[in-house]
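>>> predicted coordinates and the sequence they were generated for:
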Amino acid sequence: MAPTNDSLSFEDFLPSMAEKLGPDGLIRELCKGFELLMDSKRGLITLDSLKRNAQRLGMERLGDDELVEMVRKGDLDGDGALDQTEFCILMVRMSPELMESSARLLDFLGA
């Protein structure tokens, strides 16, 4: 998702968050984001929970197709949902600058 004139996308903040918080702090914040978006009954981010909770992370402007694509891109085990690790890996992968500068973080995530 490209930034618009009036808002920035989540990944725009990842490099500065990583620099400020360090790898462990960034992981904690990503885990908090996961908890905001997940279906509390399943403990996973589903398409429905993402639609329901996207505004909490400033993603309310994403359409259904973009949300479906987000789940598809992050779903490493093919179960149609994102677990916490898949979500964290997806968020890091959405920021090329962070991927280039955070080998330690990726090692920690097992990516």
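Perfect, I can see it now.

>>> Asp75: neighbouring residues, count only.
When neighbours are counted by other Cβ atoms under 10 Å, Asp75 registers 17. Any C-beta I mention is one placed from the backbone N, CA and C, and that applies to glycine too.

>>> oh, I was asking about Val71
20.

>>> then Pro15?
Burial of Pro15, expressed as a neighbour count using other Cβ under 10 Å, amounts to 18.

>>> what packs against the strand or helix carrying it?
Taking DSSP states H and E as the definition, Pro15 sits inside helix 14-37. In this structure, helix 14-37 makes packing contacts with helix 47-53, helix 84-93, helix 96-101, helix 103-109, judged by 3 or more Cβ pairs under 8 Å, 6 or more residues apart in numbering; DSSP states H and E.

>>> show me where pLDDT drops low in the protein?
Within the chain, the segments meeting pLDDT under 70 span 1-12, 96-111.

>>> could you find the closest non-adjacent residue to the most centrally placed residue in it?
A centroid search over the chain (Cα atoms, centre = their mean) returns Met91, at 3.4 Å, as the residue closest to the centre. For Met91, the nearest residue in space outside its immediate sequence neighbours is Leu30; the separation is 5.5 Å by Cβ to Cβ, 6 or more residues apart in numbering.

>>> please apply the same query to Leu26.
Nearest residue to Leu26 in three dimensions, chain neighbours excluded: Ala18, at 4.7 Å (Cβ to Cβ, 6+ apart).

>>> now that neighbour: how far from Leu76?
Counting by Cβ to Cβ, to the nearest Å, the gap from Ala18 to Leu76 is 21 Å.

>>> out of those two, which sits in the busier spot?
For Ala18 versus Leu76, the count of surrounding residues by other Cβ under 10 Å is larger for Ala18: 22 against 13.

>>> test my guess that the more buried one contacts Asp24.
No. Ala18 sits out of contact with Asp24 when judged by Cβ atoms under 8 Å, with a separation of 10.4 Å.

>>> quick one, what contacts Val68?
Leu47 (Cβ atoms under 8 Å, 6 or more residues apart in numbering).

>>> which secondary structure element contains it?
Under the criterion DSSP H and E, the helix or strand holding Val68 is helix 64-74.
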